[in-house]
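Novice: would you be able to build a 3D model of this:
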Amino acid sequence: AEHKALPGATALSEAAARNLYKLMAYKDEFEVARLHTDPAFLAELDAQFPHGYSVKYNLAPPLLADKDPKTGHLQKKQYGPWMFKAFQRMAGLKHLRGGALDLFSKTEERRMERALIEEYIRQLDEIVSQLTHANHSAAASLAAWPDEVRGYGHVKEKNLAKARVLQAERLAAFRNPSQVVMMKRA
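Specialist: Okay, here's the model as predicted:
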């Protein structure tokens, strides 16, 4: 669609690919476990601390963490080296991801992450169906809004709220490119 609307342009395709990947590659508990048990990561730690080290993990597991009574946010708790063994087991269970036995997928945050993927795909479908030379720049900008969604837990929620404002502004610019040009001239 981009090639048809503006031959040689790639900004929209690149933004769509990068941001769809970003939304699909969220770090769930299985991915965190895989990353912490990755031999390359462990080799880096060994190289960085040749005389030995101990690891403590500051985590807020959604199924175990207490909530702050004032904010409602999950509170991080420190876990010792035994968590590495738990991570090894979890990394080996990644095949459960998304299935009936994936307890983590039932959390509000995971449901939100999956919903964002579906929403973004629908938005890309709208962009592709209405793409023209005139709204191409706005389309590429609109396709990039998920880049603002960063962090985990309540940090991610806060950033998503800000990204939603940006998304709405960019969607209006995409749907009405002539109004944006007139506003810039005024």
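Novice: list the contacts for the residue nearest to residue 68 when sequence neighbours are not counted?
Specialist: Among residues not flanking residue 68 along the chain, residue 75 sits closest, at 5.4 Å (CB to CB, 6 or more residues apart in numbering). To be clear about C-beta, it is placed using only N, CA and C from the backbone, and glycine gets the same treatment. The contact partners of residue 75, by CB atoms under 8 Å, 6 or more residues apart in numbering, come to 60, 65, 66, 67, 68.
Novice: quick check: phi and psi at the nearest residue to the third one once chain neighbours are set aside.
Specialist: Closest residue in space to residue 66, ignoring its immediate chain neighbours: residue 75 at 5.1 Å, by CB to CB, 6+ apart. Residue 75 has phi and psi values of phi -100, psi 130 when expressed as degrees, to the nearest 10.
Novice: residue 75 and residue 3, how far apart?
Specialist: Remark: distance between residue 75 and residue 3 (CB to CB, to the nearest Å) = 50 Å.
Novice: list of residues touching stretch 106-117?
Specialist: By CB under 8 Å, 6+ apart, the list of residues contacting stretch 106-117 reads 20, 23-24, 26, 28, 62-63, 104-105, 146, 149, 152-153, 156, 160.
Novice: quick one: which of those has the most company?
Specialist: Counting neighbours by other CB atoms under 10 Å, the top entry in the contacts of stretch 106-117 is residue 146, with 24 neighbours.
Novice: just the strands in this protein please.
Specialist: Per DSSP state E, the chain carries strands over the ranges 57-59, 77-79.
Novice: among these, which is nearest residue 41?
Specialist: When the strands of the chain are compared for distance to residue 41 using CB to CB, the nearest one is strand 57-59, at 13.3 Å.
Novice: list the buried ones in the closest one?
Specialist: Neighbour-count burial for strand 57-59 flags 57, 59 (criterion: 16 or more other CB atoms under 10 Å).
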